[in-house]
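1. here is my input, please return the structure:
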Amino acid sequence: QLDQADLDFGIYRIMNARRDEINQFLESDLLPQVREAFGEYKSSDKAEIQKELDKVVEGVKAAGMDPEQAPKVKELRARLAEEAVDVTALENEVYDHLYSFFSRYYDEGDFISLRRYKEGVYAIPYEGEEVKLHWANHDQYYIKTTEYFRDYAFKTPSGHRVHFKIAEADTEKDNIKAANGNDRRFIYRDLATENTEGTEELIIRFEYRQSENKEKQDKLNIHAAKKIIEDLNSVISVSSVANNWFSRLAAKAPTAKNPDRTILEKHLSDYTRRNTFDYFIHKDLEGFLRRELDFYIKNEVMRLDDIEEESAPRVEQYLSKIKVIRRIAHKIIDFLAQIENFQKKLWLKKKFVVETNYCVTLDRVPEELYPEIATNEAQREEWVQLFAIDKIEGDLHTPAYVEPLTVEFLKANPFLMLDTKHFSEEFKLRLIAAIENIDEQCDGLLVHSENFQALNLMLKRYQEHVKCIYIDPPYNTGKDGFAYKDRYQHSSWLAMLGDRYELAKELMPSDGIVFTSIDDGEHHRLIALEQSIFGVENFVSNIIWQKKYSPANDAKWLSDNHDFLTCFAKSKDAWRPTLLPRTKEQNARYINPDNDPRGPWKPSDASVKTYSAEYDYQITTPSGRVVYPPESRCWLTSKEKIGQLIADNRLWFGERGDNVPAVKRFLSEVKSGITPLTIWTYKEVGHNQEGAKELKSMLGGLFASPKVVRLMKRVVHIGTSPDSWILDYFAGSGTTAHAVINLNREDGGKRKYILVEMGDHFDAVLKPRIKKVVYSKDWKNGKPVSREGLSHMFKYIRLESYEDALANIELQRTEDQQRVLFPDQETSVISVSSVANQKSFRESYMLKYMLDVESRGSQTLLNIENFDDPWNYKLLVGAGSVGETKPVNVDLVETFNWLLGLKVKHIDRISGFQVVEGENPKGEKVLVIWRKIRDIATENTESTEMDNRRKSSVSSVISVVREKANLDLEAFFRKQQYNTLDSEFDVIYVNGDNNLMNVPLDPDKEGVEPRYKVRLIEEEFKQLMFDVAGV
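-> The predicted structure is shown next:
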């Protein structure tokens, strides 16, 4: 990361902000400690003794004497032989060992935690288990979301910033998984200059789309480099500025193959190629490296034979070398751990919700909002595109489509699905305020996010609530879009799945179940992984799905026509499958030839194979014929009970009454359904082609390999009750939600779905598909066959990503901090001990605390001051996998609801206050009040224009503003008849310090710090956002 000095984004931007200081510290403070550590051997330094010896020998010779007879020469030679220390060699040995130790764990920009035993041999942590599953990255988080740089910036040798951005475009229709041979490319569009904080910055924009001529990226880069230089002169009006940029971009960055390569060509190549590093974050880097270091020293530095054979001074030097290696290595480990832990903190923190919207069928929307809806052009255009409403022709009873839409038309089409993204924030608030028990009313939730982050955020809200989980992860074939580290394909995959299973397990109740689709390639590893997480005893079954209806005769070996669905329960003892409904064919096997009043029945054999002499007896038929059980068999029960069956008309002897008896099994008495089998044929649940046709009929086939709705309906049916939640955190095209909606449509169930997807097809495929399924069950060529919809509502949210978190880190150091770390020693009289203390303090700070301390106040890590203006809390957020980063307003209200795990009952905006009422996981009634205390944006603008004298009065102005805000809060409480002393709410949260009367909860518990009813949102927000214990 420090070597990438020219990169100016992500973790590289953060490290480069302090790069010079870090390098200075490493080179001037840390590494010289090796020489200082061997300072005690200065008088015995071999080089110094040799120098003294040479001088004495030269003097003795000059005196005409034999040097070998001189006592001083003999003394010095004896010292060289017995006690001389080659300090330089010792230093080099330490450096060699440090390099050898640390380099063994780094692989092309990534740390790989392989426990070395000796050269080519590794050790794994083993605690006596009968069978142990281990993989190279088992103690690391897999963090890769894309192999392309989403945000890329670099600095020229002159220090000027160049920023590559993806141009904003209407890409919804194109943001789908690229088909083989039709991969999208980075294609240069235009450039511009911007002035950022007084520094000129060059913005170079690209489009990310398919190349019209199917050109390779290398050829497109050559064209881009040439066109950028041409555009500098035509776009930048001031020729001197254009020439400056020309010279900056023309600076050489040669390679052996291309000695004339420019810095622009270098970064174009780096930007457009796949990013093959930054795949993992270690869960405990410091602990791992410290344990490994001790093993390394014992195994590869400490040699017991040398200790036995060497003299005491030599052994002392030997031990000193070990101490120095350990001491310096520990400091390097501290520094590496600081960087890794900082990234881990950003990865694990609960992510902000950056967008919240709702999709609601019109039957749930108050009619007073219809006039506003009718005039919304964006919504009308979407309905035309999705539902072909422009084809609706009126009759005597229903109005026809006209532009603009009419209120009568909306009333006649209650299952049109409104999307609040097309409306103002004020409209959205009025709509959701009109829906009571809004969480209960939502039939589904879509989360646009990397799935680890989504699962981490929803833990508190849905813990032990999700009855059934289905996932269809990448099969790790090398061609399925899963990004893996070269040589670590399988371990990357296991690391990715393992942590997500651990989080998902927390969402399941004891009778929960998880189904996972997989093929033969990773099936055995997947089973071992699930056994290690859910327990061997909770394995339920391997379901085999016949995914193809015809053989592949061109297959090289065998025709592969199946996939697996592995099935694991949270507790196998607690889970039971829902029986499959009986088919008409199965029921047709039951007949009633004797008109038995108990209804249809089916004959079954009255004999059994397990022979018992007691049950081997004769039976006399109604016709008088005597019959015996077949040879080597006996009757299924005793003679007495057979008599009872005959008396109850439960034995059938045939129409003439002289057949061998059969037991009558009545349809009314058998189980209401069929126990599921483990082999599912395509006739029962469909095949791949059926899934592709289903999606094509709705959307035109914008997704590769969608699952089949019939298959997913069976999974949902088996794994859920009629009112269960089902989760799919590899949602793809949304087949799971499609199946849930259709199953509810058929049996009147109230099942609800949670879908998580981070792909660009979230907007292009997933969301439109659910809207269409709600509007009509059947589709053809993208048009509804009927308009028989159902009432439905789902919420969709977008989360801050890990890359967004990195983009929003700002390192800030106050002047006081700078003076403490780097005092002006030329003008200050500082004692030697003070200098030593100051160096020790700076070392500790640089090694352990710098990133945590200086990143405080970054928006992604909570800038508490900005909670005074909660609807203006901004983050830089990227659009899509490679989209441009832009400032957006964070939804602090929704984020806090998730952090609390709040089941929201009511949301409203009243007189400038946003009020949320709900219930937390403890069952407590919660009131959350958000208010704007001061205008942060205006203050920041004015603050930059103030001189220092005026700035000094800002704090007193803020104090007055806050006091007024608190008076307004108290007035609001009185108006709404809220009272902190009554029992209407158990907990009340408010942003900003306030003067509301507070009461302790459970005041009589000794030794327990009392909890208070009125709490600060800021304090709770921070505690919950960074509460990552056990994750």
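2. where's I754, which helix or strand?
-> Using DSSP states H and E, I754 sits in strand 752-757.
3. ok, and the closest non-adjacent residue to the residue most central in space within the chain?
-> Taking C-alpha atoms, centre = their mean, the centroid of the chain lies closest to F452, which sits 2.8 Å from it. Excluding its sequence neighbours, the residue lying closest to F452 (C-beta to C-beta, 6 or more residues apart in numbering) is R500, at 5.7 Å. No exception for glycine: its C-beta is placed from N, CA and C like everyone else's.
4. then N994?
-> Per C-beta to C-beta, 6+ apart, closest to N994 is N966, 5.2 Å.
5. isn't the one you found right next to N991, touching?
-> No: assessed by C-beta atoms under 8 Å, N966 is found out of contact with N991, at 11.6 Å.
6. which of these two has more neighbours?
-> A side-by-side neighbour count of N966 and N991, using other C-beta atoms under 10 Å, places N991 first with 26 against 18.
7. OK, contacts around the nearest residue to the more buried one once chain neighbours are set aside?
-> Using C-beta to C-beta, 6+ apart and skipping residues adjacent in sequence, the residue nearest N991 is I1017, 4.3 Å away. Taking C-beta atoms under 8 Å, 6 or more residues apart in numbering as the criterion, I1017 is in contact with 867, 896, 928, 930, 989-991.
8. tell me what the helix or strand hosting the residue nearest to the centre of the chain is packed against?
-> Using DSSP H and E, F452 sits in helix 451-462. Packing partners of helix 451-462 (3 or more C-beta pairs under 8 Å, 6 or more residues apart in numbering; DSSP states H and E): helix 489-507, strand 752-757, strand 793-799, helix 892-900.
9. pick the most buried one from the ones you listed.
-> Greatest average neighbour count among the helices and strands packed on helix 451-462 goes to strand 752-757 (a mean of 26), per mean count of other C-beta atoms under 10 Å.
10. what residues of stretch 542-550 count as buried?
-> 543-548 (16 or more other C-beta atoms under 10 Å).
11. so of those residues, which ones are in strands?
-> 543-546 (DSSP state E).
12. so where is the stretch 501-650 of the chain shaky, pLDDT-wise?
-> Filtered on pLDDT under 70, the stretch 501-650 of the chain yields no residues whatsoever.
13. can you show me the strands along it?
-> 513-518, 539-546, 562-569, 580-581, 601-605, 607-608, 619-620, 626-627, 634-635 (DSSP state E, counting those that start in this stretch).
14. distance to K61 added to those strands, as TSV?
-> As requested, those are exported to TSV (distance: least, C-beta to C-beta, whole Å):
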stretch	distance to K61
strand 513-518	84
strand 539-546	87
strand 562-569	87
strand 580-581	106
strand 601-605	119
strand 607-608	115
strand 619-620	130
strand 626-627	130
strand 634-635	119
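15. circling back: how close does the residue nearest to N994 sit to R184?
-> 54 Å (C-beta to C-beta, to the nearest Å).
16. now do K331
-> Taken as C-beta to C-beta, the span from K331 to R184 is 46 Å.
17. buried residues, the longest helix along the chain. List them.
-> For the chain, the longest helix by residue count, based on DSSP state H, is helix 312-348. For helix 312-348, the neighbour count (16+ other C-beta under 10 Å) marks 317-318, 320-321, 324-326, 328-329, 331-348 as buried.
18. before we move on, what about stretch 189-196?
-> Quick answer for stretch 189-196 (16+ other C-beta under 10 Å): 189, 191, 193.
19. closest one to K664 out of these, please.
-> Distance to K664 across the buried residues of stretch 189-196 (C-beta to C-beta) is lowest for R189, with 78.5 Å.
20. just checking, the closest one touches F206?
-> Yes: the pair R189 / F206 is scored as a contact, 6.0 Å apart, by C-beta under 8 Å.
21. overlap of the contact sets of these two?
-> A167.
22. send the alpha carbons of stretch 400-412 over as PDB?
-> Below are the C-alpha coordinates for stretch 400-412, written out as PDB (Å, rounded to 0.1, in the frame of the first residue of the first chain):
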ATOM      1  CA  ALA A 400     -59.300   3.800 -21.200                       C
ATOM      2  CA  TYR A 401     -55.700   4.900 -21.000                       C
ATOM      3  CA  VAL A 402     -55.200   8.500 -21.700                       C
ATOM      4  CA  GLU A 403     -52.500  11.100 -21.200                       C
ATOM      5  CA  PRO A 404     -52.300  12.500 -18.700                       C
ATOM      6  CA  LEU A 405     -53.600   9.700 -16.500                       C
ATOM      7  CA  THR A 406     -57.000  10.200 -14.800                       C
ATOM      8  CA  VAL A 407     -57.900   9.500 -11.200                       C
ATOM      9  CA  GLU A 408     -60.700   7.200 -12.500                       C
ATOM     10  CA  PHE A 409     -58.100   5.200 -14.500                       C
ATOM     11  CA  LEU A 410     -56.000   4.700 -11.300                       C
ATOM     12  CA  LYS A 411     -59.100   3.600  -9.400                       C
ATOM     13  CA  ALA A 412     -59.900   1.000 -12.100                       C
END
